[in-house]
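J.: Kindly return the folded structure for what I paste below:
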Amino acid sequence: MGFFERNRASLAERGIDPSRLPPGQYSTDRFPVLHVGDVPTYAPDFSDWSLTITGLIGTPTTFSWPELLALPATEIVTDIHCVTKWSKFDTRWRGVRVRDLLERCGGAGPTATHILETAEHGYTTNLPLADVLGDDALVAYEFAGAPIEAVHGGPVRLVVPHLYFWKSAKWLRSIELLDHDQPGFWERNGYHDYGDPFREQRYSQS
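T.: Numbering: from 1, shown residues only. As a prediction, this is how the structure comes out:
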């Protein structure tokens with residue numbers, strides 16, 4: 001029995017439904033650190049950080065750190081899956097639902113179909129708008145009851161748990177609503193445009 005088969009069998013032995021684990025993935029209790037570029041630094045009060053909602057939105061708006069924290073918060077417990085083949089179960093995140101943030105900005109325009117996330121260093125990734133309108137899509141600022149560590153994307157990252165986690169940009173700085181799909185950094189470099197872990201959509205030829 002190979003590593004992946006043993007890992008899946010161990011889940012069943014622990015009373016965890018192995019169907020939660022997408023094909024080609026292994027479960028880990030660790031939270032590996034993977035990203036493009038250096039970890040950014042900010043002022044202790046995050047006064048040099050902001051999040052802009054722009055594009056096809058009712059009222060383009062820039063939120064400061066205190067303004068984001070003042071919005072109604074939601075907590076989710078969810079599994080996450082990295083394209084590098086690890087999965088981590090029952091992770092706990094707190095933040096503002098993306099749909100609530102968009103509503104605060106007057107709602108998506110009638111022609112909006114996609115979003116483009118932009119993070120520090122100009123990193124981008126794309127998503128269909130529909131994928132961030134569900135209950136579990138967050139602009140998150142806490143993980144496991146504490147502020148998100150910088151290496152994991154703090155102060156703020158997107159969390160879209162039903163897709164591979166590269167679609168949940170660390171160090172988020174803007175969400176732009178578009179009327180077309182605009183591939184981001186990894187999508188232009190061979191990764192799948194959508195990234196469904198249960199369909200193993202890792203690469204563009206998947």
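J.: quick one, longest helix in the protein?
T.: helix 3-13 (DSSP state H).
J.: quick one: average pLDDT of the next helix or strand after that helix?
T.: Downstream of helix 3-13, the next assigned helix or strand under DSSP states H and E is strand 26-27. For strand 26-27, mean pLDDT is 94.
J.: List the contacts of strand 26-27.
T.: 3-4, 7-8, 10-11, 16, 21, 85-89 (Cβ atoms under 8 Å, 6 or more residues apart in numbering). Just so you know, the C-beta spots here come from the backbone N, C-alpha and C atoms, and that holds for glycine as well.
J.: I'd like these laid out as TSV, including neighbour count and pLDDT.
T.: Shown next, in TSV, are those (neighbours: other Cβ atoms under 10 Å; pLDDT from 0 to 100):
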residue	neighbour count	pLDDT
3	8	84
4	15	82
7	17	85
8	19	85
10	13	85
11	17	87
16	15	87
21	21	94
85	14	95
86	17	95
87	20	96
88	17	96
89	17	96
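J.: With respect to residue 45, which of those residues is nearest?
T.: residue 88 (30.1 Å; Cβ to Cβ).
J.: Identify the spatial nearest neighbour of that closest one, chain neighbours not counted.
T.: Nearest non-adjacent residue to residue 88, counting by Cβ to Cβ, 6 or more residues apart in numbering: residue 80, 5.3 Å away.
J.: correct me, but the one you found touches residue 161?
T.: Yes: with contact defined as Cβ atoms under 8 Å, residue 80 counts as touching residue 161 (5.4 Å).
J.: Overlap in contacts, these two.
T.: Looking at what touches both residue 80 and residue 161 (by Cβ under 8 Å, 6+ apart), the common residues are 91, 168.
J.: if we can go back for a sec, what's the longest helix of the chain packed up against?
T.: strand 26-27 (3 or more Cβ pairs under 8 Å, 6 or more residues apart in numbering; DSSP states H and E).
J.: The strand it packs on: what's the following helix or strand?
T.: strand 50-55.
J.: returning to what we had before: the residue nearest to residue 88 - that's part of a strand, no?
T.: Yes: looking at residue 80 with DSSP: H, G, I helix; E, B strand; the rest coil, it is inside a strand.
J.: okay, now it: neighbour count?
T.: 21 (other Cβ atoms under 10 Å).
J.: residue contacts, it?
T.: 87, 88, 91, 159, 161, 165, 168.
J.: If anything else comes up later, I'll come back, but that's it for now.
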